[in-house]
Structure formats: structure tokens, C-alpha cells
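Trainee: How does the following fold in three dimensions:
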Amino acid sequence: MDKIAYMLLGGVIIIILALAGNNFYQTPASTSPAASEMKPTQPMLAVININGFDCPTCPTIAENALKDAKGTLDAKTTSTGEGSRVLYDATVTTIEEISKVLPSQNSITVISQQPSQSSKLE
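Mentor: Numbering: from 1, shown residues only. Next comes the predicted model:
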């Protein structure tokens with residue numbers, strides 16, 4: 001009886017491995033948008049001053065919130081909030097929409113906005 005149970009268990013494991021090896025769990029290609037259907041991105045770089053930093057962790061909290069905002073490609077905050085930079089996709093969002101994800105004590109002043117050739121900040 002034990003031999004039969006081990007053989008069945010071995011067979012089940014082999015089937016699972018075979019299915020995993022055949023990309024059974026991946027999304028079918030037909031549900032992915034075709035390259036021609038995807039919107040092109042329009043990276044914009046915004047230099048902003050973030051007001052209301054009152055603790056040492058505020059810049060990190062603000063940077064993470066900005067990075068998580070819909071349409072944000074990258075973000076870098078400074079320790080004082082002055083001269084912080086946000087790189088975002090202008091086809092998806094605006095800097096005003098992105099700023100709404102900041103904690104309530106923070107407000108922003110937009111210093112400049114310009115198109116960018118990069119999708120990552122250095």
C-alpha cells in the first residue's frame with residue numbers, strides 16, 4: 001500500500017512540475033495589449049518645494065508617497081523639501097494630482113516643469 005501511495009504522489013509532483021515548466025500560470029498573450037495599442041509616455045520633470053517637513057523621516061515618507069502615486073516614474077526629495085524632483089508621465093497624470101498623495105501637513109510649490117528625455121532620475 002505504501003508503494004502505491006508514493007508512486008501516486010510522485011506522479012502528481014511530476015505533473016505539477018511539467019505544468020509549471022510550460023508556463024501554465026502565465027497570462028495568455030492575447031490578454032496583453034499590443035504594442036500598437038499602448039499609449040506613448042511623455043515624461044515630465046517637475047522641480048518642486050515641499051513645505052511642512054517637521055521630522056527627520058518626513059522626506060522619506062514624502063518621497064515614497066510620490067513614487068507610489070499613479071503616473072509617477074521616479075521621485076527624489078531633499079532633506080528640506082526645497083528643490084525636490086518628480087518625474088511623471090504627463091499622459092497619465094499631473095503634478096497637482098500627484099501632490100495629493102502627500103501627507104496632509106505637506107503642500108507643494110511648483111518651481112518648474114519641463115519635458116524629460118529620461119524615465120529615471122539620477
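Trainee: isn't Asp74 right up against Ser119?
Mentor: Yes - contact criterion Cβ atoms under 8 Å: Asp74 and Ser119 qualify, at 7.4 Å. Where C-beta positions appear, they are placed from N, C-alpha and C, glycine not excepted.
Trainee: what about the two, which has more around it?
Mentor: It is Asp74, of Asp74 and Ser119, that has more neighbours when counted by other Cβ atoms under 10 Å, with 19 against 11.
Trainee: and the helix or strand hosting the more buried one, which residues are buried?
Mentor: Under the criterion of DSSP states H and E, Asp74 resides in strand 72-76. With burial defined by 16 or more other Cβ atoms under 10 Å, the residues of strand 72-76 counted as buried are 72-75.
Trainee: What's the first helix or strand after the helix-or-strand element of the chain with minimal mean pLDDT?
Mentor: Within the chain, confidence by mean pLDDT, DSSP states H and E is lowest for helix 2-21 among all helices and strands, at a mean of 66. On the C-terminal side of helix 2-21, the nearest following helix or strand under DSSP H and E is strand 43-51.
Trainee: just the angle between that next one and strand 72-76, please?
Mentor: 40 degrees (axes from the mean of the first three to the mean of the last three Cα atoms, to 10 degrees).
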